[in-house]
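Undergrad: below are the sequence and a predicted model; questions follow.
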Amino acid sequence: MEDGNPYFGAAHRPHDRIKLNVGGKLFETTISTIRSGGPDSLLQALSARPIDDSNPVFIDRDPEIFSVLLSVLRTNRIPSTARRFSKQELTDEALYYGIESRLKSAMLPPPLSGIDASVVATIRPASDGLPSAFTAGAGDGSLWIAHGGQISAYDCNLAHAGTIRTHINDITSIRRLWPDVAAVGSDSAAGLHIYDISGGRHVASAHWTDPSDPRIYKALVSAIADSPNSVYASFYCRHKENCILVIDKSTLQVVSEIGRQSGNSMKTMGAGKLTYMPSSSLIFASAVTSGAFGYSGCIRLWDPRSGEVVWETTEPGSGRSCRFGDSFADVDVDADESTMFKVCSKSGDVGMADLRKLGEDPWVYLRDNNPSMAHKGGGDSNSVIHCYRKQVFVARGGGLEVWSQVEDKETEEERENMVSEGSYRRNYVDKLDDLERGTITKMEGGGDRLFISREDVEGIEVWESSNFSGAVSVL
């Protein structure tokens, strides 16, 4: 019943207009726009005022920032005027109005496409600015950087969320296990160590020990991966003995040891890169070394349930026809697509293999049908490869290129075989200024960003695709 309360009057229609007086500046918009902030927002509550009240609602806040937030509600994009304000100022005002989720959504970059990616920011920790390791494993565009013995966390808007100091002097491996928990290792301090980043405390440690073998002593960690239930750490000792330890996530205790090797030859080197592949529940492990006679390396697929090798290969090796002696400089796996990619150390060619059809020589070498885009410089002693979201990023020294899938070029036979030399197309990502910044040492994708570190260069580069709408990033 209507008892005289004006709020029981006729309902507002979505296209009805409402006037707001924010800090003395008048704004006029529609009911549907301010209600798009969500049912719990302050603006939603203000939209429920009497329909016959034409007086503007007064809000004692900054009108210039409100103008930015109103634009976000209208378009879900950040306007160019936002550059006048810091992310903290925008976030504080969005929290006041209860529309922080809309602001966060608008701040996120567009889907990552390597073809038009460029550097939008460089994140530099306040102290010990040279990164020794980093991880973007959360998948939301956030980043954790290990620099010296410290770990600095940056949220999905790349705002600094905190820094903790560990008991390790130089962290060289890091993996995000949970939203606030990281596993770290070092090539100078024994063991795998678990840290609570939000609480700044050491949670647990795991060591590779064997009282019956005196060679297993102060084992170091070279790579870390994880699955929903386990952590996998590649350990090695001074005498080159190595293995992969399986650690239960619920107890943080070592439950098994995979593939102990003596490490006396290239074939038995400890893994420098680990990746868990959910589709097959296998572990991809690779190791690369270089010397006076060039590169050599090995790749293994381990089954952690049985502890057995499912498939392995070493390079250089026999049975590879014209590719003999052209060992890979780096290798990576696309776990979602069940494909493996390598960049050759001498020719610079990129090879691809279908993990579902492995054999003695499973490689198909990608060919660029555009002669002007062909790689002509041979191999590079500092090549790095990284697979992310159906794209293959290849760094050669300071240069960066991307191989992207060409869906419409597949033939029926190629679809059946899953892999073909013409199923990817190359594009160069970087500009001349990028080449001059230094040698790329690591790449890792996270959310809609690609993070890159360079040799002896402070900070981590953040690469994003351009937003075709013309909105300007505030990062």
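TA: Good, I have the coordinates.
Undergrad: pLDDT score for E412?
TA: Per-residue confidence at E412 stands at 49 (pLDDT).
Undergrad: please apply the same query to D116.
TA: 89.
Undergrad: I'd like to know how far it sits from Y97.
TA: When distances are taken as CB to CB, to the nearest Å, D116 and Y97 turn out to be 33 Å apart. All C-beta spots, glycine's among them, are computed from the backbone N, C-alpha and C.
Undergrad: who's more crowded, those two?
TA: For D116 versus Y97, the count of surrounding residues by other CB atoms under 10 Å is larger for Y97: 24 against 15.
Undergrad: contact partners for the residue nearest to Y428 when sequence neighbours are not counted?
TA: By the measure of CB to CB, 6 or more residues apart in numbering, the closest residue to Y428 outside its immediate chain neighbours is E401, 5.1 Å from it. Contact criterion CB atoms under 8 Å, 6 or more residues apart in numbering gives H375, F393, V394, R426, N427, Y428, V429, D430 as the residues in contact with E401.
Undergrad: kindly state the beta-bridge partners for E401.
TA: Taking DSSP bridges as the rule, E401 bridges to V394, Y428.
Undergrad: circling back: just the buried ones among the contacts of E401, please.
TA: Those of those that meet the buried threshold are H375, F393, V394, R426, N427, V429, D430, by 16 or more other CB atoms under 10 Å.
Undergrad: and for R425, the neighbour number?
TA: For R425, the neighbour count with other CB under 10 Å is 18.
Undergrad: helices or strands up against whichever strand or helix holds it?
TA: With elements taken from DSSP states H and E, the one containing R425 is strand 424-428. Using 3 or more CB pairs under 8 Å, 6 or more residues apart in numbering; DSSP states H and E, the elements in contact with strand 424-428 are strand 399-405.
Undergrad: which positions within the strand it packs on qualify as buried?
TA: Counting neighbours by 16+ other CB under 10 Å, strand 399-405 gives G399, L400, E401, V402, W403, S404 as buried.
Undergrad: out of the contacts of E401, who's nearest F134?
TA: Distances from those to F134 were compared by CB to CB; the smallest belongs to F393, at 15.4 Å.
Undergrad: got the contact list for the closest one?
TA: Applying CB under 8 Å, 6+ apart, one finds that F393 lies in contact with G114, I385, H386, C387, L400, E401, V402, V429, M443, G445, L450.
Undergrad: where is pLDDT lowest across the residues you listed?
TA: Least confident by pLDDT among the contacts of F393: that is V429, with 87.
Undergrad: so what's the backbone phi/psi at that residue?
TA: Backbone dihedrals for V429, given as degrees, to the nearest 10, come out at phi -90, psi -40.
Undergrad: wasn't I145 part of a strand?
TA: Yes - checked against DSSP: H, G, I helix; E, B strand; the rest coil, I145 lies within a strand.
Undergrad: any figure for the gap between it and M443?
TA: Relative to M443, I145 is positioned 14 Å away (criterion: CB to CB).
Undergrad: list the buried residues of stretch 92-104.
TA: For stretch 92-104, the neighbour count (16+ other CB under 10 Å) marks E93, A94, Y96, Y97, G98, I99, E100, R102, L103 as buried.
Undergrad: typed the wrong thing, it's stretch 235-254
TA: Along stretch 235-254, these residues count as buried under the neighbour rule (16+ other CB under 10 Å): 235-237, 241-247, 249, 252, 254.
Undergrad: export that stretch to PDB, keeping only CA atoms.
TA: Below are the C-alpha coordinates for stretch 235-254, written out as PDB (Å, rounded to 0.1, in the frame of the first residue of the first chain):
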ATOM      1  CA  PHE A 235      66.800 -31.000  -7.400                       C
ATOM      2  CA  TYR A 236      70.500 -31.300  -8.200                       C
ATOM      3  CA  CYS A 237      73.600 -31.700  -6.100                       C
ATOM      4  CA  ARG A 238      77.200 -30.500  -6.600                       C
ATOM      5  CA  HIS A 239      78.200 -33.900  -7.900                       C
ATOM      6  CA  LYS A 240      75.400 -33.700 -10.600                       C
ATOM      7  CA  GLU A 241      73.100 -36.200  -9.000                       C
ATOM      8  CA  ASN A 242      69.500 -35.000  -9.700                       C
ATOM      9  CA  CYS A 243      65.800 -36.000  -9.400                       C
ATOM     10  CA  ILE A 244      62.300 -34.600  -9.300                       C
ATOM     11  CA  LEU A 245      60.700 -34.600  -5.800                       C
ATOM     12  CA  VAL A 246      56.900 -34.800  -5.500                       C
ATOM     13  CA  ILE A 247      55.500 -32.900  -2.600                       C
ATOM     14  CA  ASP A 248      51.900 -33.200  -1.300                       C
ATOM     15  CA  LYS A 249      50.200 -29.800  -1.300                       C
ATOM     16  CA  SER A 250      48.000 -30.700   1.700                       C
ATOM     17  CA  THR A 251      50.800 -31.700   4.000                       C
ATOM     18  CA  LEU A 252      53.800 -30.000   2.300                       C
ATOM     19  CA  GLN A 253      55.700 -33.300   2.800                       C
ATOM     20  CA  VAL A 254      57.800 -35.200   0.200                       C
END
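Undergrad: return the distance of it from the chain's centre.
TA: On the basis of CA atoms, centre = their mean, to the nearest Å, the separation between the geometric centre of stretch 235-254 and that of its chain is 24 Å.
Undergrad: quick one: mean pLDDT for it?
TA: Confidence over stretch 235-254, taken as the mean pLDDT, stands at 95.
Undergrad: ditto for stretch 127-145
TA: Across stretch 127-145, the per-residue pLDDT values average to 90.
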